[in-house]
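Chemist: For reference, the sequence and a predicted model appear below.
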Amino acid sequence: MKVLKFNTGRLYTDKGQRIAAVRLDSETVAMYDIDRGIDFLLSIPELSEGEPLRSEDVMRAYDYGHIKKHTLCLMPEIQSMLFDAANTL
């Protein structure tokens with residue numbers, strides 16, 4: 001799985017807002033916001049198969065509340081991978 005990691009530049013902490021996300025299937029993205037301490041499964045149905053995940057796609061779904069599930073606690077390996085990736089920003 002290829003992890004997308006980026007900083008939105010929003011000032012939630014002194015490090016900004018660091019996000020890590022990974023595409024799980026054709027329309028589901030796991031996302032971790034390390035600076036706000038929250039994670040989600042997002043629905044992004046407009047993604048085409050094989051199309052790379054972009055920060056704009058993740059933030060549009062996040063900002064507009066396209067949330068399938070409010071926690072990744074049932075997916076600890078994904079949560080850990082995203083936490084580690086976001087923490088490198």
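Modeler: Looks like it arrived, so ask away.
Chemist: For the rest of this, base every contact and every neighbour count on C-alpha atoms.
Modeler: OK.
Chemist: Select the longest helix from this protein.
Modeler: The residue-count maximum for a helix in the chain (DSSP state H) belongs to helix 76-86.
Chemist: If we go by neighbour counts, what in it is buried?
Modeler: Buried residues in helix 76-86, counted by 16 or more other CA atoms under 10 Å: 78-79, 81-83, 85-86.
Chemist: next one: stretch 40-47
Modeler: By neighbour count with 16+ other CA under 10 Å, stretch 40-47 contains the buried residues 40-44, 47.
Chemist: any idea how far P52 is from the residue of the chain most remote from its centre?
Modeler: Largest separation from the mean C-alpha position in the chain: D14, at 19.7 Å (CA atoms, centre = their mean). Separation of D14 from P52 (CA to CA, to the nearest Å) stands at 29 Å.
Chemist: Likewise for I38?
Modeler: Distance from I38 to P52, by CA to CA: 23 Å.
Chemist: so which strand or helix has A20?
Modeler: strand 18-23 (DSSP states H and E).
Chemist: Check which strands are paired with that strand and give the direction for each one.
Modeler: strand 3-7 (antiparallel), strand 28-33 (antiparallel) (DSSP bridges).
Chemist: which of these sits most buried?
Modeler: Each of those was scored by mean neighbour count; the highest is strand 28-33, a mean of 24, by mean count of other CA atoms under 10 Å.
Chemist: Look at L47 and report its pLDDT.
Modeler: In this model, L47 is scored at 83, pLDDT.
Chemist: how near is it to G37?
Modeler: In this view, L47 and G37 are 26 Å apart by CA to CA.
Chemist: T71 against D33, yeah?
Modeler: No: using CA atoms under 8 Å, T71 makes no contact with D33, being 11.2 Å away.
Chemist: Can you check which residues contact both of those two?
Modeler: Common contacts of T71 and D33 (CA atoms under 8 Å, 6 or more residues apart in numbering): D39.
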